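In: okay, sequence plus prediction incoming.
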Amino acid sequence: MTWLLPAFIATLSPSATNFSEVLASLISGLGADNIEHRARCSHLLLQFGDAALAHLEGAEGHSDPEIADRAREAYQSICSRLPSDGREPTATTLHSLAIGMQRWTGSTILWTEDLCLRDWRIQFTSDRSVMNEPLILWEVFNALLQTADLALKICNSEAGSIFKIRSAPCSKRLKACTGLLKCTLRRGEISVEME
């Protein structure tokens with residue numbers, strides 16, 4: 001059945017020239033009159049995982065309530081796969097963690113694509129759930145960023161604190177950074193290794 005997926009995507013947007021256009025077509029398909037078509041679009045968006053999060057988040061405010069509701073459901077389903085209580089996540093990235101951190105803490109975090117957050121995979125294990133402990137989440141997030149040679153800068157504004165991810169000072173980052181960050185939280189101690 002998976003061999004039908006590329007053909008289905010091609011029927012959605014035959015003129016799509018990039019990934020963003022494909023995601024936009026799938027999100028538009030969430031409001032289709034045909035129930036099967038909506039279900040296929042939802043399924044495909046879930047398959048794209050954290051790569052679809054930004055598009056889904058934008059669609060949560062769509063004027064079509066069907067699109068907004070289905071986008072919200074898909075967004076929440078994908079975010080629920082992010083690291084939490086010791087389960088090892090599948091395909092979790094620094095990018096999806098940054099998006100999750102915004103949701104979990106209510107903070108605004110800014111970054112640019114040249115930092116390659118999508119290329120850093122994360123494997124997180126813990127001896128306890130940290131989802132309801134924002135201070136520990138921030139510590140874990142900062143430890144991961146530091147290991148990837150990144151830093152979190154606080155930019156105060158009238159609307160509250162805004163954080164920006166940037167290359168660490170004195171960083172000798174390569175243009176194409178990628179790797180696996182293994183993070184462990186045991187007895188309150190955070191350790192991060194890079195592979």
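Out: Received the coordinates, thanks.

In: low-confidence regions, the protein specifically.
Out: 1-19, 50-51, 80-91, 128-132, 156-160, 170-177 (pLDDT under 70).

In: helix/strand/coil for the residue most central in space within it?
Out: Using Cα atoms, centre = their mean, the residue of the chain that lies closest to the mean C-alpha position is S96, 2.1 Å off. For S96, the assignment made with DSSP: H, G, I helix; E, B strand; the rest coil gives helix.

In: end to end on stretch 29-39, go ahead and measure it.
Out: The first and final residues of stretch 29-39 sit 9 Å from each other (Cα to Cα, to the nearest Å).

In: follow-up on the earlier one: wait, the residue nearest to the centre of the chain sits on L56?
Out: No - between S96 and L56 there is no contact under Cβ atoms under 8 Å: 11.7 Å. To be clear about C-beta, it is placed using only N, CA and C from the backbone, and glycine gets the same treatment.

In: all strands for the protein, in order.
Out: For the chain, the strands defined by DSSP state E cover 108-110, 120-126, 150-157, 160-167, 179-186, 189-194.

In: give the buried residues for the second one.
Out: Which is strand 120-126. Across strand 120-126, burial judged by 16 or more other Cβ atoms under 10 Å covers W120, R121, I122, Q123, F124, S126.

In: if I look at the fifth one, how far off is A32?
Out: Using Cβ to Cβ, to the nearest Å, we find F124 at a distance of 37 Å from A32.

In: domain ranges for this structure?
Out: Following automatic domain parsing, one gets these domains for the chain: 4-79, 94-194.

In: end-to-end on stretch 108-116?
Out: 19 Å.

In: list the buried residues of that stretch.
Out: For stretch 108-116, the neighbour count (16+ other Cβ under 10 Å) marks I109, W111, L115, C116 as buried.
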